[in-house]
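Chemist: model the following, please.
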Amino acid sequence: MIKYLQKKYALSETGAKDLIKGCIACVMQNISFMFPVGLLYSLVSDLINGGVPKNRISFYIIGCVLCIGIILVTTYFQYNATYFATYIESGIRRVTLAEKLRKIPMSFFGKKDLADLTSTIMADCTFLEQSFSHFIPELVGSIISTVLILISLFFYDWRMALAALWVAPVAFAIVGFSAKIQEGFNKKSMDAKMSCADGIQECIETVQDLKANNAEKEYLKGLEKKIRYVEHRSILNEFGLAAFVVSASLVLKLGIVTVALVGSILLVQGSLDVLTFFLFLLVISRMYDPLQGALQNLAAVISTRTNIARMNEILDHPMQQGETLLSNKGYDISFEHVQFAYNSGETVLRDVTFTAKQGEVTALVGPSGGGKTTVSRLAARFWDVTSGKITVGGMDISKVDPEVLFSLYSIVFQEVTLFDNTIMENIRIGNQNATDAEVLAAAHLANVDEFVERLPDKWNTYIGENGCELSGGERQRISIARAFLKNAPIILLDEATAALDVENETLIQTALSRLIENKTVLVIAHRMRTVASADKIVVLSGGKVAEEGTPDMLMKENGIYAHMVNKQKESQNWTLL
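Modeler: Sure, this is the predicted structure:
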């Protein structure tokens, strides 16, 4: 049962157990509400039979106090077992999702955007929080308590019990049969919300380009259409839900009519006494209220399937796992007949074989789309190869836990990610245990101190969201300083100097020459002058290794590399007419 609930509702083991406790607590609470009915039945019985005896007055007073006490106690346990437990599970669920995202392959993120994942972790979890605190426990509690009450009614009069019972399965069937229709509505509504969220996020991120091209007005028209469509789908959702729930509620109300009609007939025939008739009217007036709520809760539970499916997509995705102990001997990176294709099925790399040796700088060059960035990502196991093998010091990286493997790498991406913190702390991300002196030393190697000294708060300057207060070159230098601070044996540089001017590029290359001693360096660059002093050039074209060798050797071969060098020399003479 625990495993089933975990899978069906994307719960942790603790959450599944708490859900069962919540359902039991709701059953107890609903049954406790029937105690006053029993007390009232006894009181009416005494009144019909000649009045309430004096010695029973204290019984009714104590009974009222006990009923209030039982209701308070069961409500207290119900509140704790549903609301408080749900808040705890909601936190566990979000942490679990975040932890899972940390361990699944990067290929998963190619199918998802930021708005979608954020919505899953925040909005979907919030919706399920409401479901597990309001809908599911109360639904199960209502059904179980109603069944128990109806069973007891059969002992009084089976005919009246049937008259009260027949409407319940019909009403629940109406809502149950709407499941597929509701799922269709919910999926379209969710797609509309995600499209709208993507549009809003894109608008905020590209507002500078929209303004520069006078495209704001046109873009906002399209965004307004998306917002209106979300509104339209929400209205349809509510209408589709209400159509079934209201119809089921009307059928449920027929139960009161049926009980009154059947009871009246039996009363006239003399086969039913007034007290039993009164009991049934009293019970069903109390029983149908939770049942009506249960119908709404059932519809709400059906609506959660879309949210649960989105969460399970993350939770069920295979993780990248492996050994937690490194077994490499040295730090040579070897690609052996590597093939790779993204989810689209288009093959990016075809039989790629080369070795980046320790203590050398290996440069990956070639036309755009040739697979250079893909090679660097595969080297650090951001993705797993389709076929072939990548090794570090003879160790197959596909058999090593990615987090353990990352301890071998310092990586500088083309797109820099910074945090809204001080410059000092942004660099310290490279090594959380580094002292201030070590951070400053790494910053000096990356030429960060050159611009920091001009800032009012110097190293304690807050740089804004993603370093918005800095220029592109300054942001890149902080990223390079992180790599220096981590001081890992393998360095991956993906266009690391692309945003730097010629002077700073020269300074960074000088620092790199000091850093690479006895290390493996893999550089991706489009500027041929950046890799002119590399120990080895690997030219990738069309997903294959087209050329391989030293810069001088490849220039003599007069192939792709020589062509790129010559073209860039020609471009240096380009001027505005």
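
Chemist: what's the longest helix that the chain contains packed up against?
Modeler: Ranked by residue count, the top helix of the chain under DSSP state H comes out as helix 216-269. Contacts defined by 3 or more C-beta pairs under 8 Å, 6 or more residues apart in numbering; DSSP states H and E place helix 216-269 against helix 158-165, helix 167-176, helix 179-205, helix 207-212, helix 274-315. (Each C-beta comes from the backbone N, C-alpha and C, glycine too.)

Chemist: so where's the stretch 451-577 of the chain shaky on pLDDT?
Modeler: Scanning the stretch 451-577 of the chain for pLDDT under 70 picks out 465-469, 472, 496-512, 514-515, 568-577.

Chemist: got the residue ranges for the helices in it?
Modeler: Secondary structure of the stretch 451-577 of the chain (DSSP state H, counting those that start in this stretch): helices at 472-486, 502-515, 551-557, 560-571.

Chemist: what residues does the third one touch?
Modeler: Outside of helix 551-557, the residues within contact range by C-beta atoms under 8 Å, 6 or more residues apart in numbering are Val531, Ala532, Ser533, Ala534, Ile537, Val539, Glu547, Gly549, Tyr561, Ala562, Val565.

Chemist: regarding Gly370, what is its secondary structure?
Modeler: At Gly370 the chain is in coil, as set by DSSP: H, G, I helix; E, B strand; the rest coil.

Chemist: quick check: closest non-adjacent residue to it.
Modeler: Counting by C-beta to C-beta, 6 or more residues apart in numbering, Gly370 lies nearest to Leu540, which is 4.1 Å off, once chain neighbours are set aside.

Chemist: what's the most distant pair in the contacts of helix 551-557?
Modeler: Largest separation among the contacts of helix 551-557 by C-beta to C-beta: Ser533 and Glu547, giving 17.7 Å.

Chemist: these two: which is more packed in?
Modeler: Glu547 (18 against 12; other C-beta atoms under 10 Å).

Chemist: who does the more buried one form a beta bridge with?
Modeler: For Glu547, the beta-bridge partners are Val539 (DSSP bridges).

Chemist: that one is in contact with Tyr561, isn't it?
Modeler: Yes - with contact defined as C-beta atoms under 8 Å, Glu547 reaches Tyr561; the gap is 5.6 Å.

Chemist: which neighbours do these two share?
Modeler: Shared contacts of Glu547 and Tyr561, defined by C-beta under 8 Å, 6+ apart, are found at Ile537, Val539, Leu554.

Chemist: for the stretch 251-400 of the chain, which spans come out with low pLDDT?
Modeler: Low-confidence segments of the stretch 251-400 of the chain (pLDDT under 70): 343-345.

Chemist: surely Ile174 and Ala248 touch.
Modeler: Yes - assessed by C-beta under 8 Å, Ile174 is found in contact with Ala248 at 4.3 Å.

Chemist: compare these two (neighbour count), which wins?
Modeler: More neighbours surround Ala248 than the other of Ile174 and Ala248, with 28 against 20 (other C-beta under 10 Å).

Chemist: can you pull the contacts of that one?
Modeler: Contacts of Ala248 (C-beta under 8 Å, 6+ apart): Val170, Ala171, Phe172, Ile174, Val175, Leu295.

Chemist: lowest pLDDT pick from those?
Modeler: Sorting these by pLDDT puts Leu295 at the bottom of the list (75).

Chemist: how far away is the nearest residue in space to it that is not next to it in sequence from Tyr288?
Modeler: Among residues not flanking Leu295 along the chain, Ala248 sits closest, at 4.9 Å (C-beta to C-beta, 6+ apart). Note on Ala248: its distance to Tyr288, by C-beta to C-beta, to the nearest Å, is 12 Å.

Chemist: which other helices and strands contact the helix or strand where Cys125 lies?
Modeler: Assessed by DSSP states H and E, Cys125 sits inside helix 125-130. In terms of contacts (3+ C-beta pairs under 8 Å, 6+ apart), helix 125-130 is packed against helix 85-103, helix 274-315.

Chemist: what comes into contact with it?
Modeler: 9-10, 86-87, 89-90, 93-94, 97, 304, 307-308, 311.

Chemist: mind giving me the domain split of this protein?
Modeler: 2-315, 333-417+489-571 (automatic domain parsing).

Chemist: chain center to the shortest one, what's the gap?
Modeler: Using C-alpha atoms, centre = their mean, to the nearest Å, the distance from the centre of domain 333-417+489-571 to the centre of the chain it belongs to is 32 Å.

Chemist: and Ser145, how far from Ser42?
Modeler: From Ser145 to Ser42 the distance is 21 Å (C-beta to C-beta).

Chemist: more neighbours: those two, which one.
Modeler: Higher neighbour count among Ser145 and Ser42: Ser145, with 23 against 15, using other C-beta under 10 Å.

Chemist: from memory that one sits against Ser32, does it?
Modeler: No - here Ser145 lies out of contact with Ser32, judged by C-beta under 8 Å, at a distance of 9.4 Å.

Chemist: hang on, the earlier thing: quick one: which of the helices and strands packed on helix 216-269 is nearest His526?
Modeler: Per C-beta to C-beta, nearest to His526 of the helices and strands packed on helix 216-269: helix 207-212, 22.6 Å.

Chemist: for the closest one, name the packing helices and strands.
Modeler: helix 216-269.

Chemist: helix 167-176 and the helix it packs on, what's the angle between them?
Modeler: Counting by axes from the mean of the first three to the mean of the last three C-alpha atoms, to 10 degrees, helix 216-269 lies at 160 degrees to helix 167-176.

Chemist: distance between helix 216-269 and the chain's centre?
Modeler: For helix 216-269, the distance to the chain centre is 31 Å (C-alpha atoms, centre = their mean).

Chemist: what of stretch 433-442?
Modeler: 35 Å.

Chemist: show me what it is in contact with.
Modeler: Counting by C-beta under 8 Å, 6+ apart, Met424, Ile427, Arg428, Gly430, Asn431, Asp449, Trp459, Ala481, Arg482, Phe484, Leu485 sit against stretch 433-442.

Chemist: just the CA atoms of it, as CSV, please.
Modeler: Output of stretch 433-442 as CSV, limited to C-alpha atoms (Å, rounded to 0.1, in the frame of the first residue of the first chain):
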residue,chain,number,x,y,z
ASN,A,433,36.8,26.2,1.9
ALA,A,434,39.2,28.7,0.4
THR,A,435,40.6,31.5,2.5
ASP,A,436,40.3,35.2,1.5
ALA,A,437,44.0,35.1,0.6
GLU,A,438,43.5,32.2,-1.8
VAL,A,439,40.5,33.9,-3.4
LEU,A,440,42.5,37.0,-4.0
ALA,A,441,45.4,35.0,-5.4
ALA,A,442,43.0,33.3,-7.9
